[in-house]
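Peer 1: sharing a sequence plus its predicted fold:
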Amino acid sequence: SDPGLVARARAAKEALGDRVFVLGHHYQRDEVIEFADVTGDSFKLAKDAAARPQAEYIVFCGVHFMAESADILTGAAQQVVLPDLAAGCSMADMARLAQVEDAWEALAEAGVADAVVPITYMNSSADIKAFCGRHGGAVCTSSNAEVALEWAYEQLPDVEGGAKVLFLPDQHLGRNTAVLQLGLSLDDCVVWDPRQPNGGLTAEQLRDAKMILWKGHCSVHGRFSAEVVDELRATIPGVQVLVHPECTHEVVTRADLVGSTEFIIKTIEAAPAGSSWAIGTELNLVKRLAAAHPDKRIVFLDKTVCYCSTMNRIDLPHLVWALESLVAGTVVNRIEVDPETERWAKLALQRMLDLPG
Ligand code: 13P
Ligand code: SF4
């Protein structure tokens, strides 16, 4: 990266000292990760955001929903900055509050709303998290989806037929966790398509389902295919396939190991020298792992380049601009959740943070 910008970022961080805390998600570019005080998956970063109450400014190098969660979990005196406001998440955008409210109404009409616990993946807007908080549900991340779902199914012990979960917005994480970790069958799961009347489901299907999956997905992880898994197994002897649970069920069932970005990193760190790995997650992270572990063979689980374009919007020029603005006394790109949304979203996030494990 540009040495002039590197020097400016360093100088601005030094000038701010403990007043600034820079968080970096594992999918961020190397040039940005270099300036992160902590790195992590979305669960770790949610916890870390709250762990530095003395920092006036939290500069969040990640995407919009993560910065919102940081704002919800940090004190009122702390200001959260997202260096580029265009760093959104296409998956989070697939569930809008009005659509979720329509789905809830349809569940009420089918006579099952009282039996449903809404769980939203961290990758959702603050108002969706607030919706879950208001209706007795919680947030989960890819690190704790299994415990969050177990918790959800225990919430309505007396309801006829047992509790159901409405899982937002990633159908793949919901399905993979329900089937592979909780032992539900694929037939227990139905997909609610917000673009179709009544989600494309009958009242009977809603009544019979144990898991109602929102029709959302990650455009990055959705690209990995079962064919490439089979091809790599045929060409790299002994290769182990390690994927993120946002991948399709077909890919996840063919993998050796599945887990969040933090799990993927720990697995590679603990792997013996000489072992071979095909990794299905965002390319910045896979490249960094390959560079950090030259004693292991690490390949990307796709033939094409597969960055998360919105994560990549945070680059060194944006980071320098955000930091230098803070040095000059101007808070740019502040992410601030309104108090009513914050109150309910915080409850849903707190229920997640209180989960065992
Ligand atoms: P984790 O950080 O939970 O592994 O999620 C990956 C992701 O897609 C973040 O946007
Ligand atoms: Fe969203 Fe997927 Fe990018 Fe994560 S990797 S921010 S889920 S689009």
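Peer 2: Arrived safely, thanks for sending. Ligands and ions are numbered 1, 2, ... in the order given.
Peer 1: CA only for contacts and neighbour counts going forward, please
Peer 2: OK.
Peer 1: if you count neighbours, what's buried in the least confident helix or strand in the chain by mean pLDDT?
Peer 2: Averaged element by element with mean pLDDT, DSSP states H and E, the chain has its least confident helix or strand at helix 42-49 (a mean of 89). Neighbour counts over helix 42-49 (16 or more other CA atoms under 10 Å) mark 42, 43, 45, 46, 47, 48, 49 as buried.
Peer 1: chain neighbours aside, what residue packs nearest to the residue positioned nearest the centre of the chain?
Peer 2: Nearest residue to the geometric centre of the chain (CA atoms, centre = their mean): residue 123, 4.4 Å. Leaving aside its sequence neighbours, residue 123 sits nearest to residue 92 (CA to CA, 6 or more residues apart in numbering; 5.2 Å).
Peer 1: for ligand 2, see how far away residue 231 is.
Peer 2: Using CA to the nearest ligand atom, to the nearest Å, residue 231 is found at 24 Å from ligand 2.
Peer 1: before we move on, which element is that residue in?
Peer 2: helix 226-235 (DSSP states H and E).
Peer 1: and that helix, what does it pack onto?
Peer 2: helix 249-254 (3 or more CA pairs under 8 Å, 6 or more residues apart in numbering; DSSP states H and E).
Peer 1: follow-up on the earlier one: show me what the least confident helix or strand of the chain is packed up against.
Peer 2: Using 3+ CA pairs under 8 Å, 6+ apart as the test, helix 42-49 ends up in contact with strand 20-25, strand 38-40, helix 64-73.
Peer 1: buried stuff in the shortest one?
Peer 2: For strand 38-40, a neighbour-count test (16+ other CA under 10 Å) marks 38, 39, 40 as buried.
Peer 1: just checking: what are the partner strands of that strand?
Peer 2: Strand 38-40 has its sheet partners listed here by DSSP bridges as strand 20-25 (parallel).
Peer 1: orientation of the partner strand relative to helix 42-49 in degrees?
Peer 2: 170 degrees (axes from the mean of the first three to the mean of the last three CA atoms, to 10 degrees).
Peer 1: for strand 20-25, the distance to its chain's centre please.
Peer 2: Once both centres are worked out by CA atoms, centre = their mean, to the nearest Å, strand 20-25 turns out to sit 16 Å from its chain's centre.
Peer 1: repeat that for stretch 108-126.
Peer 2: 18 Å.
Peer 1: could you pull out the strands for the stretch 51-200 of the chain?
Peer 2: Per DSSP state E, counting those that start in this stretch, the stretch 51-200 of the chain carries strands over the ranges 57-61, 79-81, 116-121, 138-140, 164-168, 189-192.
Peer 1: let me know which of those strands is the nearest to ligand 2.
Peer 2: strand 116-121 (9.7 Å; CA to the nearest ligand atom).
Peer 1: what lies in contact with that closest one?
Peer 2: If you take CA atoms under 8 Å, 6 or more residues apart in numbering as the criterion, strand 116-121 is touched by 128-129, 132, 135-142, 148-149, 152-153, 155, 163-170.
Peer 1: that one close to ligand 2?
Peer 2: No. Strand 116-121 does not reach ligand 2 (CA under 6 Å from any ligand atom); its nearest approach is 9.7 Å.
Peer 1: find the nearest non-adjacent residue to residue 356, please.
Peer 2: Using CA to CA, 6+ apart and skipping the chain neighbours, the partner closest in space to residue 356 is residue 147 (7.4 Å).
Peer 1: what is the neighbour count of that neighbour?
Peer 2: Residue 147 is flanked by 18 other residues according to other CA atoms under 10 Å.
Peer 1: how close does it sit to residue 182?
Peer 2: 9 Å (CA to CA, to the nearest Å).
Peer 1: any idea how far ligand 1 is from the residue of the stretch 151-300 of the chain found nearest ligand 2?
Peer 2: Closest approach between the stretch 151-300 of the chain and ligand 2, counting by CA to the nearest ligand atom: residue 218, at 4.1 Å. Distance, residue 218 to ligand 1, by CA to the nearest ligand atom: 7 Å.
Peer 1: same deal with residue 171?
Peer 2: For residue 171, the distance to ligand 1 - CA to the nearest ligand atom - is 13 Å.
Peer 1: ok, now residue 284?
Peer 2: 12 Å.
Peer 1: not counting sequence-adjacent ones, nearest residue to that residue?
Peer 2: Closest to residue 284 by CA to CA, 6+ apart is residue 27, at 5.6 Å.
Peer 1: regarding residue 308, what is its secondary structure?
Peer 2: coil (DSSP: H, G, I helix; E, B strand; the rest coil).
Peer 1: ramachandran coordinates for it?
Peer 2: Dihedral pair for residue 308: phi -90, psi 110, per degrees, to the nearest 10.
Peer 1: which residues are in contact with it?
Peer 2: Taking CA under 8 Å, 6+ apart, one finds 27, 220, 282, 283 in contact with residue 308.
Peer 1: okay, these in TSV with neighbour count, pLDDT and secondary structure next?
Peer 2: Formatted as TSV, those follow (neighbours: other CA atoms under 10 Å; pLDDT from 0 to 100; DSSP: H, G, I helix; E, B strand; the rest coil):
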residue	neighbour count	pLDDT	secondary structure
27	25	95	coil
220	20	95	coil
282	22	95	coil
283	22	95	helix
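Peer 1: tell me the two of those residues that are most distant?
Peer 2: The span of the contacts of residue 308, defined through CA to CA, is set by 27 and 220 at 11.2 Å.
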